[in-house]
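J.: Below are the sequence and a predicted model; questions follow.
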Amino acid sequence: MSNFLTIEEQLTNNRFSLANYLYVRELQPAIDEITRISTEISDFDPYINAVPLLLESDQLANEDVKVLEDPDELLPLPSTIIYCPMIYDRENRLTPNITKNKFSSAISLLSTLPGIERGFLLFLGPNSRTPWHVDNSDRSPYTPSQLYNVIVSIKIPSFDKTVTGVKINGTVLNVNTPIIFDSQIPHQGWNYTDNMWLSALFLIDKKYFK
């Protein structure tokens, strides 16, 4: 087992938290603002429809996922309904106007924080599950990334991790606390409820974690 895998297994066992981000105190107001704005939105369709088309050459995009075979999979995969509209891009190239305008106060806060490269709203639809995958098809699983994925749930349809949860390298996690992991570790999420699961997703440079 590689050192990389050992480290990442420690992360998925919750021995690593958002408190390890050096600017966590400064990040919390941005999370609060994203949560406040999101809970005021009654129709998310315009935000979902504004998901940008990311470039294959964009190393931070992580949109071209590689689907893997899950050795523990016993049941057929249900439909996957997942959307990820961008709300913040440090390079200010890909953020749709609708999210740029709606989340301007949160964007202002995020732009001051070292290491945060991108921020997204992450929707996982009702009765939906993602395939077992890694986020970058150009690199092999367990190849270390420059960034951590940080998922902070905003609207959680169930606190039962068998109903709404995430599995990273075989470890099933609750979604009621922030989840931090390298997206080249095989992972999947599921939402077996009749409601949308909404989260904020941040891509944060690893060098800003202690």
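T.: Done, it's in. Residues are numbered from 1 along each chain as shown.

J.: Count the neighbours of Asp160 for me.
T.: Residues near Asp160, counting by other Cβ atoms under 10 Å, number 11. Bear in mind the C-beta positions are built from the backbone N, C-alpha and C, glycine included.

J.: Could I get the phi/psi values of it?
T.: phi -80, psi 120 (degrees, to the nearest 10).

J.: likewise Leu173?
T.: Note on Leu173: its backbone torsions stand at phi -120, psi 150 [degrees, to the nearest 10].

J.: What pLDDT does the model give it?
T.: At Leu173, the pLDDT value in this model is 88.

J.: For it, name its beta-bridge partners.
T.: In this entry, Leu173 is beta-bridged to Val166, by DSSP bridges.

J.: and if you look at Val134?
T.: The partner residues for Val134, given DSSP bridges, come to Lys66.

J.: Could you count how many residues lie near it?
T.: By other Cβ under 10 Å, neighbour count at Val134 equals 22.

J.: That one reaches Pro186, doesn't it?
T.: Yes - if you go by Cβ atoms under 8 Å, Val134 and Pro186 touch, sitting 5.9 Å apart.

J.: give the contact list for the residue nearest to Asp89 when sequence neighbours are not counted.
T.: Distances taken as Cβ to Cβ, 6 or more residues apart in numbering put Thr95 closest to Asp89, at 4.9 Å, once the chain neighbours are dropped. Contact analysis of Thr95 by Cβ atoms under 8 Å, 6 or more residues apart in numbering lists Pro52, Met86, Ile87, Tyr88, Asp89, Ile107.

J.: Next, give phi and psi for the fifth one.
T.: Read that as Asp89. For Asp89, the backbone dihedrals are phi -140, psi 120 (criterion: degrees, to the nearest 10).

J.: residue contacts, it?
T.: Contacts of Asp89 (Cβ under 8 Å, 6+ apart): Thr95, Glu117, Arg118.
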